[in-house]
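K.L.:
Quick one, what's the 3D model for this:
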Amino acid sequence: MCTRCIMDTTDPKIIFDEKGVCNHCHKFDNETRKQWFPNKEGKRQLKKIFDRIKEERKKFEYDCILGLSGGLDSSYLALVMKEYGMRPLVVHVDAGWNSELAVYNIEKVVKYCGYDLHTHVMNWPEVRDLQLAYLKAQVANQDVVQDHAFFASLYHFAVNNRINYVISGGNIATEGVFPPSWHHDAMDAINLKAIHKKFGNLPLKDFQVISFWQYYFYYPFIKKMKVVRPLNFIFYTKEIALAELQEKVGYKIYGRKHGESRFTKFFQNHYLPTKFNMDKRKPHLSSMVLCGLMTREQAIEDLTKPLYDENELREDKHYIAKKLGITVDQLDVYTCSPGHDYSEHPNWDAHYAFMKRVQSLISKFLGRNVKNYS
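P.N.:
Got it, this is the predicted structure:
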(Lines give C-alpha, C1' and ligand atoms only; values in the text may rest on other atoms or scores of the structure.)
Protein backbone atom coordinates (compact mmCIF):
# COMPACT_ATOMS: atom_id res chain seq x y z
CA MET A 1 0.00 0.00 0.00
CA CYS A 2 1.12 3.55 -0.78
CA THR A 3 2.59 5.41 2.19
CA ARG A 4 0.61 8.56 1.34
CA CYS A 5 -2.79 7.37 0.02
CA ILE A 6 -4.34 3.90 0.27
CA MET A 7 -3.91 2.62 -3.29
CA ASP A 8 -2.14 -0.74 -3.34
CA THR A 9 -1.05 -3.59 -5.59
CA THR A 10 -4.63 -4.54 -6.44
CA ASP A 11 -3.78 -2.03 -9.17
CA PRO A 12 -1.34 -4.22 -11.18
CA LYS A 13 0.29 -1.16 -12.78
CA ILE A 14 0.93 0.78 -9.59
CA ILE A 15 4.49 2.11 -9.17
CA PHE A 16 6.11 3.22 -5.90
CA ASP A 17 9.02 5.61 -5.52
CA GLU A 18 11.86 5.17 -3.01
CA LYS A 19 9.65 6.61 -0.26
CA GLY A 20 6.78 4.26 -1.01
CA VAL A 21 4.61 6.96 -2.61
CA CYS A 22 2.60 5.74 -5.60
CA ASN A 23 2.23 7.04 -9.15
CA HIS A 24 -1.37 8.09 -8.42
CA CYS A 25 -0.14 10.57 -5.82
CA HIS A 26 2.47 11.95 -8.21
CA LYS A 27 -0.11 12.31 -10.99
CA PHE A 28 -2.42 14.12 -8.60
CA ASP A 29 0.34 16.56 -7.63
CA ASN A 30 1.67 17.11 -11.14
CA GLU A 31 -1.55 17.13 -13.18
CA THR A 32 -4.85 16.77 -11.36
CA ARG A 33 -4.30 19.41 -8.67
CA LYS A 34 -3.82 22.05 -11.39
CA GLN A 35 -7.48 21.59 -12.39
CA TRP A 36 -8.86 21.91 -8.84
CA PHE A 37 -9.69 25.29 -7.27
CA PRO A 38 -11.42 24.83 -3.85
CA ASN A 39 -10.90 28.48 -2.89
CA LYS A 40 -11.85 32.10 -3.64
CA GLU A 41 -10.03 31.91 -6.96
CA GLY A 42 -12.24 28.95 -7.89
CA LYS A 43 -15.42 30.84 -7.07
CA ARG A 44 -14.17 33.77 -9.15
CA GLN A 45 -13.48 31.46 -12.08
CA LEU A 46 -16.83 29.69 -11.71
CA LYS A 47 -18.73 33.00 -11.69
CA LYS A 48 -16.84 34.03 -14.82
CA ILE A 49 -17.75 30.74 -16.53
CA PHE A 50 -21.42 31.00 -15.57
CA ASP A 51 -21.61 34.70 -16.55
CA ARG A 52 -20.19 33.84 -19.97
CA ILE A 53 -22.71 31.04 -20.43
CA LYS A 54 -25.60 33.29 -19.38
CA GLU A 55 -24.47 36.01 -21.79
CA GLU A 56 -24.14 33.58 -24.70
CA ARG A 57 -27.51 31.96 -23.94
CA LYS A 58 -29.55 35.02 -22.89
CA LYS A 59 -31.87 34.73 -25.91
CA PHE A 60 -32.59 31.06 -25.28
CA GLU A 61 -34.93 29.34 -22.83
CA TYR A 62 -32.13 27.38 -21.16
CA ASP A 63 -28.50 28.21 -20.39
CA CYS A 64 -27.33 24.62 -20.34
CA ILE A 65 -28.19 21.01 -19.65
CA LEU A 66 -27.67 19.46 -16.23
CA GLY A 67 -27.52 15.67 -16.00
CA LEU A 68 -29.22 14.60 -12.78
CA SER A 69 -28.93 11.03 -11.50
CA GLY A 70 -30.32 11.63 -8.03
CA GLY A 71 -26.89 10.98 -6.53
CA LEU A 72 -25.19 13.34 -4.11
CA ASP A 73 -22.85 15.05 -6.62
CA SER A 74 -25.40 16.00 -9.27
CA SER A 75 -28.10 16.84 -6.69
CA TYR A 76 -25.82 19.25 -4.85
CA LEU A 77 -24.70 20.72 -8.15
CA ALA A 78 -28.33 21.63 -8.88
CA LEU A 79 -28.36 23.75 -5.69
CA VAL A 80 -25.08 25.42 -6.65
CA MET A 81 -26.51 26.36 -10.04
CA LYS A 82 -29.63 27.80 -8.43
CA GLU A 83 -27.38 29.94 -6.20
CA TYR A 84 -25.63 31.32 -9.30
CA GLY A 85 -28.92 32.04 -11.06
CA MET A 86 -28.45 29.51 -13.85
CA ARG A 87 -31.34 28.25 -16.02
CA PRO A 88 -30.55 24.59 -16.80
CA LEU A 89 -32.80 22.04 -18.42
CA VAL A 90 -32.45 19.04 -16.14
CA VAL A 91 -32.12 15.73 -17.98
CA HIS A 92 -32.45 12.37 -16.25
CA VAL A 93 -31.73 9.11 -18.07
CA ASP A 94 -33.63 6.18 -16.58
CA ALA A 95 -31.87 2.93 -17.52
CA GLY A 96 -34.20 0.81 -15.38
CA TRP A 97 -32.10 0.52 -12.22
CA ASN A 98 -33.26 3.57 -10.25
CA SER A 99 -33.82 2.97 -6.57
CA GLU A 100 -37.01 4.42 -5.04
CA LEU A 101 -34.87 6.93 -3.16
CA ALA A 102 -33.37 8.16 -6.45
CA VAL A 103 -36.81 8.98 -7.85
CA TYR A 104 -37.76 10.71 -4.58
CA ASN A 105 -34.56 12.79 -4.48
CA ILE A 106 -34.81 13.85 -8.12
CA GLU A 107 -38.37 15.08 -7.60
CA LYS A 108 -37.40 16.99 -4.45
CA VAL A 109 -34.35 18.66 -6.03
CA VAL A 110 -36.16 19.70 -9.22
CA LYS A 111 -39.14 21.08 -7.30
CA TYR A 112 -36.97 23.08 -4.90
CA CYS A 113 -34.86 24.58 -7.68
CA GLY A 114 -37.84 25.25 -9.96
CA TYR A 115 -36.17 23.56 -12.93
CA ASP A 116 -37.79 21.88 -15.91
CA LEU A 117 -37.12 18.13 -16.02
CA HIS A 118 -36.80 15.95 -19.12
CA THR A 119 -36.66 12.23 -18.37
CA HIS A 120 -35.39 9.85 -21.03
CA VAL A 121 -36.65 6.34 -20.28
CA MET A 122 -34.51 3.66 -21.92
CA ASN A 123 -35.93 0.68 -23.81
CA TRP A 124 -35.75 -1.91 -21.01
CA PRO A 125 -35.65 -5.10 -23.18
CA GLU A 126 -32.61 -3.64 -24.98
CA VAL A 127 -30.93 -2.53 -21.75
CA ARG A 128 -31.60 -5.95 -20.22
CA ASP A 129 -30.15 -7.75 -23.26
CA LEU A 130 -27.03 -5.57 -23.23
CA GLN A 131 -26.58 -5.96 -19.47
CA LEU A 132 -26.77 -9.74 -19.82
CA ALA A 133 -24.26 -9.59 -22.69
CA TYR A 134 -21.80 -7.81 -20.40
CA LEU A 135 -22.31 -10.37 -17.64
CA LYS A 136 -21.70 -13.17 -20.15
CA ALA A 137 -18.56 -11.39 -21.40
CA GLN A 138 -17.27 -11.48 -17.79
CA VAL A 139 -15.50 -8.10 -18.15
CA ALA A 140 -14.77 -5.82 -15.21
CA ASN A 141 -16.77 -2.73 -16.09
CA GLN A 142 -20.37 -3.90 -15.86
CA ASP A 143 -21.54 -0.28 -15.50
CA VAL A 144 -20.78 0.49 -19.16
CA VAL A 145 -24.43 -0.09 -20.05
CA GLN A 146 -25.70 2.62 -17.68
CA ASP A 147 -22.75 5.00 -18.04
CA HIS A 148 -22.68 4.93 -21.83
CA ALA A 149 -26.45 5.32 -21.99
CA PHE A 150 -26.34 8.28 -19.62
CA PHE A 151 -23.62 10.29 -21.33
CA ALA A 152 -24.50 9.35 -24.91
CA SER A 153 -28.15 10.31 -24.34
CA LEU A 154 -27.14 13.52 -22.58
CA TYR A 155 -24.69 14.62 -25.28
CA HIS A 156 -26.97 13.70 -28.19
CA PHE A 157 -29.85 15.56 -26.54
CA ALA A 158 -27.68 18.64 -25.98
CA VAL A 159 -26.44 18.77 -29.57
CA ASN A 160 -29.82 17.95 -31.14
CA ASN A 161 -31.44 20.75 -29.12
CA ARG A 162 -28.59 23.18 -29.79
CA ILE A 163 -27.69 23.56 -26.12
CA ASN A 164 -23.92 23.52 -26.24
CA TYR A 165 -23.13 23.51 -22.51
CA VAL A 166 -23.43 20.30 -20.49
CA ILE A 167 -22.95 20.59 -16.73
CA SER A 168 -21.47 17.54 -15.00
CA GLY A 169 -21.24 16.52 -11.33
CA GLY A 170 -17.87 14.85 -11.91
CA ASN A 171 -15.34 16.13 -9.41
CA ILE A 172 -11.73 15.78 -8.31
CA ALA A 173 -12.51 15.79 -4.58
CA THR A 174 -14.01 12.28 -4.70
CA GLU A 175 -12.88 11.05 -8.14
CA GLY A 176 -9.37 12.46 -8.55
CA VAL A 177 -7.77 9.01 -8.39
CA PHE A 178 -8.63 6.02 -10.53
CA PRO A 179 -6.38 3.23 -11.87
CA PRO A 180 -6.94 2.84 -15.66
CA SER A 181 -5.85 -0.80 -15.38
CA TRP A 182 -8.97 -1.69 -13.41
CA HIS A 183 -11.43 -1.41 -16.24
CA HIS A 184 -12.05 0.12 -19.65
CA ASP A 185 -13.64 3.43 -20.59
CA ALA A 186 -17.43 3.22 -20.70
CA MET A 187 -17.59 5.49 -23.75
CA ASP A 188 -15.95 2.95 -26.08
CA ALA A 189 -18.84 2.23 -28.45
CA ILE A 190 -16.68 -0.12 -30.53
CA ASN A 191 -16.16 -2.38 -27.51
CA LEU A 192 -19.82 -2.10 -26.49
CA LYS A 193 -21.08 -3.12 -29.94
CA ALA A 194 -18.57 -5.99 -30.16
CA ILE A 195 -19.61 -7.44 -26.81
CA HIS A 196 -23.27 -7.12 -27.68
CA LYS A 197 -22.75 -8.70 -31.12
CA LYS A 198 -21.11 -11.74 -29.52
CA PHE A 199 -23.35 -12.23 -26.48
CA GLY A 200 -26.56 -10.27 -27.14
CA ASN A 201 -29.77 -11.38 -28.80
CA LEU A 202 -31.86 -8.26 -29.49
CA PRO A 203 -30.96 -5.55 -32.03
CA LEU A 204 -30.18 -2.22 -30.34
CA LYS A 205 -32.69 0.01 -32.11
CA ASP A 206 -33.31 2.59 -29.36
CA PHE A 207 -30.11 2.34 -27.31
CA GLN A 208 -28.07 5.39 -28.32
CA VAL A 209 -24.30 5.06 -28.59
CA ILE A 210 -21.79 7.83 -29.15
CA SER A 211 -18.96 7.14 -31.58
CA PHE A 212 -15.27 7.88 -31.07
CA TRP A 213 -15.50 10.57 -33.76
CA GLN A 214 -18.53 12.23 -32.15
CA TYR A 215 -17.16 12.03 -28.62
CA TYR A 216 -13.67 13.39 -29.24
CA PHE A 217 -14.01 15.55 -32.36
CA TYR A 218 -17.42 16.27 -33.89
CA TYR A 219 -19.30 17.34 -30.77
CA PRO A 220 -16.57 19.36 -28.98
CA PHE A 221 -14.89 20.92 -32.03
CA ILE A 222 -17.58 21.13 -34.74
CA LYS A 223 -20.70 21.47 -32.61
CA LYS A 224 -18.80 23.40 -29.89
CA MET A 225 -20.31 21.33 -27.07
CA LYS A 226 -18.49 21.99 -23.80
CA VAL A 227 -18.62 19.96 -20.59
CA VAL A 228 -18.26 22.04 -17.40
CA ARG A 229 -17.56 20.55 -13.94
CA PRO A 230 -18.44 23.30 -11.42
CA LEU A 231 -17.67 21.19 -8.32
CA ASN A 232 -13.97 21.53 -9.18
CA PHE A 233 -14.25 25.28 -8.54
CA ILE A 234 -15.66 25.16 -5.01
CA PHE A 235 -14.76 23.53 -1.73
CA TYR A 236 -16.81 20.35 -2.05
CA THR A 237 -17.26 17.59 0.49
CA LYS A 238 -19.99 14.99 0.74
CA GLU A 239 -20.72 16.12 4.32
CA ILE A 240 -21.35 19.73 3.25
CA ALA A 241 -23.43 18.58 0.28
CA LEU A 242 -25.55 16.16 2.28
CA ALA A 243 -26.23 18.63 5.10
CA GLU A 244 -27.40 21.33 2.68
CA LEU A 245 -29.51 18.93 0.63
CA GLN A 246 -31.18 17.50 3.72
CA GLU A 247 -31.91 20.96 5.07
CA LYS A 248 -33.24 22.48 1.85
CA VAL A 249 -34.94 19.65 -0.03
CA GLY A 250 -35.36 16.80 2.47
CA TYR A 251 -32.82 14.68 0.59
CA LYS A 252 -32.63 11.04 1.71
CA ILE A 253 -29.23 9.38 1.94
CA TYR A 254 -28.48 6.10 0.11
CA GLY A 255 -25.97 4.81 2.63
CA ARG A 256 -23.17 4.37 0.07
CA LYS A 257 -21.67 6.07 -3.02
CA HIS A 258 -23.78 5.48 -6.17
CA GLY A 259 -26.57 3.86 -4.16
CA GLU A 260 -29.03 5.62 -6.46
CA SER A 261 -28.68 2.63 -8.83
CA ARG A 262 -29.50 -0.85 -7.55
CA PHE A 263 -27.20 -2.43 -10.14
CA THR A 264 -24.26 -0.04 -9.58
CA LYS A 265 -24.42 -0.72 -5.85
CA PHE A 266 -24.22 -4.47 -6.52
CA PHE A 267 -21.52 -4.08 -9.19
CA GLN A 268 -19.21 -1.89 -7.11
CA ASN A 269 -19.68 -3.53 -3.74
CA HIS A 270 -19.93 -7.20 -4.67
CA TYR A 271 -19.17 -8.05 -8.32
CA LEU A 272 -15.87 -6.14 -8.61
CA PRO A 273 -14.39 -7.15 -5.23
CA THR A 274 -15.45 -10.79 -5.64
CA LYS A 275 -14.50 -11.34 -9.28
CA PHE A 276 -11.56 -8.96 -9.78
CA ASN A 277 -10.39 -8.07 -6.26
CA MET A 278 -11.14 -4.40 -6.95
CA ASP A 279 -12.46 -2.28 -4.08
CA LYS A 280 -13.61 1.05 -5.50
CA ARG A 281 -13.44 2.60 -2.07
CA LYS A 282 -9.65 2.68 -2.42
CA PRO A 283 -9.45 5.27 -5.23
CA HIS A 284 -12.44 7.15 -3.81
CA LEU A 285 -10.93 7.42 -0.32
CA SER A 286 -7.46 8.09 -1.78
CA SER A 287 -8.93 11.06 -3.67
CA MET A 288 -10.26 12.45 -0.41
CA VAL A 289 -6.93 11.87 1.35
CA LEU A 290 -5.00 13.72 -1.37
CA CYS A 291 -7.55 16.56 -1.31
CA GLY A 292 -7.12 16.88 2.46
CA LEU A 293 -10.71 15.90 3.21
CA MET A 294 -9.71 13.01 5.47
CA THR A 295 -6.57 11.47 6.90
CA ARG A 296 -4.94 8.31 5.59
CA GLU A 297 -5.68 6.65 8.96
CA GLN A 298 -9.39 7.46 8.60
CA ALA A 299 -9.37 6.02 5.08
CA ILE A 300 -7.72 2.79 6.27
CA GLU A 301 -10.32 2.51 9.03
CA ASP A 302 -13.12 2.96 6.49
CA LEU A 303 -11.72 0.04 4.48
CA THR A 304 -12.27 -2.27 7.45
CA LYS A 305 -16.05 -1.78 7.23
CA PRO A 306 -17.99 -4.47 5.34
CA LEU A 307 -18.91 -3.65 1.75
CA TYR A 308 -22.36 -5.16 2.07
CA ASP A 309 -24.82 -6.15 4.76
CA GLU A 310 -25.61 -9.84 4.16
CA ASN A 311 -29.39 -9.35 4.15
CA GLU A 312 -29.11 -6.34 1.83
CA LEU A 313 -26.89 -8.31 -0.56
CA ARG A 314 -29.36 -11.19 -0.59
CA GLU A 315 -32.22 -8.80 -1.41
CA ASP A 316 -30.27 -7.05 -4.16
CA LYS A 317 -29.23 -10.37 -5.73
CA HIS A 318 -32.85 -11.52 -5.92
CA TYR A 319 -33.97 -8.15 -7.27
CA ILE A 320 -31.28 -8.01 -9.99
CA ALA A 321 -31.66 -11.66 -11.02
CA LYS A 322 -35.43 -11.35 -11.30
CA LYS A 323 -35.21 -8.11 -13.28
CA LEU A 324 -32.70 -9.66 -15.70
CA GLY A 325 -34.75 -12.85 -16.05
CA ILE A 326 -32.09 -15.19 -14.65
CA THR A 327 -31.70 -17.18 -11.44
CA VAL A 328 -29.69 -16.08 -8.42
CA ASP A 329 -27.46 -19.11 -9.01
CA GLN A 330 -26.71 -17.92 -12.54
CA LEU A 331 -25.92 -14.43 -11.23
CA ASP A 332 -23.53 -16.03 -8.74
CA VAL A 333 -21.83 -17.94 -11.57
CA TYR A 334 -21.30 -14.69 -13.50
CA THR A 335 -19.95 -13.07 -10.35
CA CYS A 336 -17.63 -15.82 -9.12
CA SER A 337 -16.21 -17.33 -12.33
CA PRO A 338 -12.84 -16.10 -13.71
CA GLY A 339 -13.00 -12.67 -15.33
CA HIS A 340 -11.99 -11.63 -18.84
CA ASP A 341 -10.35 -8.50 -20.20
CA TYR A 342 -12.19 -6.04 -22.44
CA SER A 343 -9.28 -6.24 -24.93
CA GLU A 344 -10.43 -9.71 -25.97
CA HIS A 345 -13.00 -7.81 -28.05
CA PRO A 346 -12.59 -5.05 -30.68
CA ASN A 347 -12.11 -1.64 -29.03
CA TRP A 348 -11.03 1.93 -29.64
CA ASP A 349 -7.48 1.61 -28.20
CA ALA A 350 -5.74 2.07 -31.57
CA HIS A 351 -7.90 5.11 -32.37
CA TYR A 352 -7.20 6.57 -28.94
CA ALA A 353 -3.44 6.04 -29.19
CA PHE A 354 -3.39 7.73 -32.60
CA MET A 355 -5.43 10.66 -31.29
CA LYS A 356 -3.04 11.13 -28.34
CA ARG A 357 -0.06 11.20 -30.73
CA VAL A 358 -1.77 13.85 -32.86
CA GLN A 359 -2.71 15.82 -29.75
CA SER A 360 0.89 15.73 -28.55
CA LEU A 361 2.20 16.99 -31.91
CA ILE A 362 -0.34 19.82 -32.05
CA SER A 363 0.43 20.78 -28.45
CA LYS A 364 4.15 20.96 -29.22
CA PHE A 365 3.51 23.01 -32.37
CA LEU A 366 1.25 25.50 -30.57
CA GLY A 367 3.28 25.51 -27.35
CA ARG A 368 0.24 24.78 -25.18
CA ASN A 369 -1.90 21.84 -24.14
CA VAL A 370 -4.81 21.07 -26.44
CA LYS A 371 -7.71 19.41 -24.65
CA ASN A 372 -11.18 20.49 -25.65
CA TYR A 373 -12.95 17.12 -25.81
CA SER A 374 -15.20 15.88 -23.06
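K.L.:
Count the neighbours of Gly67 for me.
P.N.:
Using other Cβ atoms under 10 Å, Gly67 has 24 other residues around it. (Glycine included, C-beta is placed from N, CA and C.)
K.L.:
Go ahead and confirm it touches Leu154.
P.N.:
Yes - using Cβ atoms under 8 Å, Gly67 is in contact with Leu154, at 4.8 Å.
K.L.:
Find residues that contact each of these two.
P.N.:
Residues touching both Gly67 and Leu154 (Cβ atoms under 8 Å, 6 or more residues apart in numbering): Val91, Val93, Val166.
K.L.:
if we take these, which one ends up nearest to Val110?
P.N.:
The closest of the shared contacts of Gly67 and Leu154 to Val110 turns out to be Val91 (Cβ to Cβ; 11.0 Å).
K.L.:
Could you give the bridge partners of the closest one?
P.N.:
Judged by DSSP bridges, the bridge partners of Val91 are Gly67, His118.
K.L.:
Mind giving me the packing neighbours of the helix or strand Leu285 falls within?
P.N.:
Taking DSSP states H and E as the definition, one finds Leu285 inside helix 281-290. Other helices and strands packing on helix 281-290, by 3 or more Cβ pairs under 8 Å, 6 or more residues apart in numbering; DSSP states H and E, are helix 23-30, helix 172-175, helix 296-303.
K.L.:
Burial-wise, tell me which of the ones you listed comes out on top.
P.N.:
Ranked by mean neighbour count, the helices and strands packed on helix 281-290 are led by helix 172-175 with a mean of 21 (mean count of other Cβ atoms under 10 Å).
K.L.:
returning to what we had before: next, format the helices and strands packed on helix 281-290 as TSV and append mean pLDDT and distance to Tyr271.
P.N.:
Listed next are the helices and strands packed on helix 281-290 as TSV, based on pLDDT from 0 to 100; distance: least, Cβ to Cβ, whole Å:
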stretch	mean pLDDT	distance to Tyr271
helix 23-30	96	23
helix 172-175	93	20
helix 296-303	96	18
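K.L.:
mind putting these in a markdown table, distance to Ala133 included?
P.N.:
Shown next, in a markdown table, are the helices and strands packed on helix 281-290 (distance: least, Cβ to Cβ, whole Å):
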| stretch | distance to Ala133 |
| --- | --- |
| helix 23-30 | 32 |
| helix 172-175 | 27 |
| helix 296-303 | 32 |
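K.L.:
With respect to Lys54, which of those lies nearest?
P.N.:
Of the helices and strands packed on helix 281-290, nearest to Lys54 by Cβ to Cβ is helix 172-175, at 24.7 Å.
K.L.:
Show me what counts as buried in the next helix or strand after the closest one.
P.N.:
Downstream of helix 172-175, the next assigned helix or strand under DSSP H and E is helix 189-199. Applying a neighbour-count criterion of 16 or more other Cβ atoms under 10 Å, one finds Ala189, Ile190, Asn191, Leu192, Lys193, Ala194, Ile195, His196, Phe199 buried in helix 189-199.
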